[in-house]
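>>> Have a look at this prediction, sequence included:
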Amino acid sequence: MKTKVIAALLVLSAGAVFAQTVEVKDAWVRAAVPGQSGTGAFMNITAKDGAKLVGASSPVAGVTEVHEMKMDNDIMRMRAIPALDLPAGKTVALKPGGYHVMLMELKQALPPGGTVPLTLILRDAKGQESKVELKLPVAASMPGAGMPASGMPGAMQHKH
């Protein structure tokens, strides 16, 4: 029994260390009016040691997925992707018209000035999953650069 508990603690500790190597900046969610069924969350993510963004969740949405938008025979198409590579030390932009987190089946309006809790699910090279808990400001358009998920100037680094 003690061995299982120790093993579980080691796994949890490894996830916490991994999550600390991910930095999220300039995060925001596009405002949504009553009755609107979906919106997007955008941010810049840098994974110090490399990782994959494999999912997301939010209590304001029934479905939360990582999406990409790309041209296909002169038609812009949006689709869910199973994972988004976060190369070591390189910033990956989640932005309108590109990769983003899609919030669907919205449970409420998201007016400008509010905040939205969002959990990112990451996987490292060894397959270890980790979660990054964020609170994103809601805006009608991209807020000024330098505004992280916490709403304070500078960078937000996730720590457990």
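Thanks, I have the structure now.

>>> Remind me which helix or strand the most centrally placed residue in the chain belongs to.
Central residue check for the chain by Cα atoms, centre = their mean: the C-alpha nearest the mean position is that of Leu120, 4.2 Å away. Per DSSP states H and E, Leu120 falls inside strand 115-123.

>>> Can you mark which positions in that strand are buried?
Residues of strand 115-123 classed as buried by neighbour count (16 or more other Cβ atoms under 10 Å): Thr115, Val116, Leu118, Leu120, Ile121, Leu122, Arg123. All C-beta spots, glycine's among them, are computed from the backbone N, C-alpha and C.

>>> excluding its backbone neighbours, what's nearest the fifth one?
Looking back up the chat, that one is Ile121. Gly55 (3.9 Å; Cβ to Cβ, 6 or more residues apart in numbering).

>>> Would you check that Ala31 makes contact with Pro112?
Yes - counting by Cβ atoms under 8 Å, Ala31 touches Pro112, with 4.7 Å between them.

>>> quick one on the thing from earlier: okay, now the residue nearest to Ile121: neighbour count?
Neighbour count of Gly55, defined by other Cβ atoms under 10 Å: 20.

>>> just to revisit the earlier point, so how far is Asp85 from the residue nearest to the centre of the chain?
Plainly put, Leu120 is 14 Å away from Asp85 if you go by Cβ to Cβ, to the nearest Å.

>>> Many thanks, we can stop here.
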